[in-house]
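> build the 3D model from these lines:
(one chain, ligands or ions: 1)
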Amino acid sequence: MNSEKSESSQMLCVCPECKNTLDLSRYPSVASGMVIECDHCGMTLLVKEISAGKVMTEIVDEGK
Ligand SMILES: [Zn+2]
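The predicted structure follows:
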């Protein structure tokens, strides 16, 4: 575990569903094509692209 705070990989991701900012600390290496889950509404999100520290996501239709 790395207890020191690193500013180099601070990325911002806003959930397109609930508009809350996701905590990406549990995803140490976010990359396009990766699927993450909103910790606020539980929506599954696909990472489309990462630009200027912002993570663009798209809601994944889980086909229920
Ligand atoms: Zn959400």
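> quick one: the strands in the protein, in order.
According to DSSP state E, the chain carries its strands in the segments 12-13, 35-37, 44-51, 54-59.
> make CSV out of those strands and add mean pLDDT, distance to the ion and mean neighbour count.
Using the backbone N, CA and C atoms, a C-beta is placed for each residue, glycine as well. Formatted as CSV, those follow (pLDDT from 0 to 100; distance: least, CB to the ion, whole Å; neighbours: other CB atoms under 10 Å):
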stretch, mean pLDDT, distance to the ion, mean neighbour count
strand 12-13, 94, 10, 17
strand 35-37, 96, 9, 15
strand 44-51, 96, 8, 15
strand 54-59, 96, 9, 16
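> redo these as CSV? Include distance to P28.
Shown next, in CSV, are the strands of the chain (distance: least, CB to CB, whole Å):
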stretch, distance to P28
strand 12-13, 14
strand 35-37, 12
strand 44-51, 14
strand 54-59, 13
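> nearest to L22, of these?
strand 12-13 (4.4 Å; CB to CB).
> partner strands of the closest one, with direction?
Applying DSSP bridges, strand 12-13 is found paired with strand 54-59 (parallel).
> contacts for the strand it pairs with, please.
With CB atoms under 8 Å, 6 or more residues apart in numbering as the contact definition, strand 54-59 has outside contacts at 11-13, 15-17, 22, 24, 30, 36, 43-50.
> what about C13, distance to G63?
23 Å (CB to CB, to the nearest Å).
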